[in-house]
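> sequence unknown, structure follows:
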């Protein structure tokens, strides 16, 4: 078992050759992860995010099971610690190494699932997270209003605005699209919300 040393969380990762289970301090299972490649090791960062390595990748796993790839590796490593954007590890020759990683994606997801919206919006404005996978993730987690900040395409922005009930953004997109179907949908939603000014447009 690899226990987190964070004051913010108390989790453990119970490793097997090709997977792990994250448990809380009562040893109740939070998530189970199975990998196709053997897991070489892992460590918890200061936020309670499990960083682990396989033969060819450094990966992350949030306690809720959300996970992804941090970076690709040329050679396998054995993680001994994680601090900020540095992974401390041993290589196959048992030499100490420090590898820099980009924590943006998993810190964004961590902030989102912990409802730290000021951090989320700051990251949206100051990073290069924009992409369909992040937009899909934000939508899937039930935050279409956050996804609105990423989207530039008017059709997608229109649908997201309707989904979260933001008539102002939906109206802007409908004007740009000049599409009869969009105006019909917007009219229905405006009527549902009692906004007669938009209905009459």
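Nice, I can see it. Values in this document were obtained by computation on a predicted structure and should not be read as measured data.

> the residue nearest in space to the middle of the chain: which element?
Centroid-nearest residue in the chain: residue 109, 2.7 Å away (criterion: C-alpha atoms, centre = their mean). Taking DSSP states H and E as the criterion, the element that holds residue 109 is helix 104-113.

> and that helix, what other elements does it pack with?
Contacts defined by 3 or more C-beta pairs under 8 Å, 6 or more residues apart in numbering; DSSP states H and E place helix 104-113 against strand 67-72, helix 117-126, helix 132-140. In short, each C-beta sits where N, CA and C put it, glycine included.

> please render the ones you listed as TSV that adds mean neighbour count, mean pLDDT and distance to residue 168 to the earlier fields.
Below are the helices and strands packed on helix 104-113 laid out as TSV (neighbours: other C-beta atoms under 10 Å; pLDDT from 0 to 100; distance: least, C-beta to C-beta, whole Å):
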stretch	mean neighbour count	mean pLDDT	distance to residue 168
strand 67-72	15	96	33
helix 117-126	14	82	17
helix 132-140	16	80	19
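
> now these as JSON lines including distance to residue 161?
Below are those laid out as JSON lines (distance: least, C-beta to C-beta, whole Å):
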{"stretch": "strand 67-72", "distance to residue 161": "27"}
{"stretch": "helix 117-126", "distance to residue 161": "16"}
{"stretch": "helix 132-140", "distance to residue 161": "12"}
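
> tell me the mean pLDDT over the helix with the most length in the chain?
In the chain, with assignment by DSSP state H, the single longest helix is helix 180-193. Helix 180-193 carries an average pLDDT of 91.

> could you list the buried residues of it?
182-183, 185-187, 189-190 (16 or more other C-beta atoms under 10 Å).

> now the residue nearest to residue 103 when sequence neighbours are not counted: phi and psi?
Using C-beta to C-beta, 6 or more residues apart in numbering and skipping the chain neighbours, the partner closest in space to residue 103 is residue 85 (5.2 Å). With angles defined as degrees, to the nearest 10, residue 85 sits at phi -110, psi 30.

> am I right that residue 85 is in contact with residue 100?
Yes: counting by C-beta atoms under 8 Å, residue 85 touches residue 100, with 5.8 Å between them.

> so between these two, which is more surrounded?
Between residue 85 and residue 100, counted using other C-beta atoms under 10 Å, the more crowded position is residue 85 (14 against 10).
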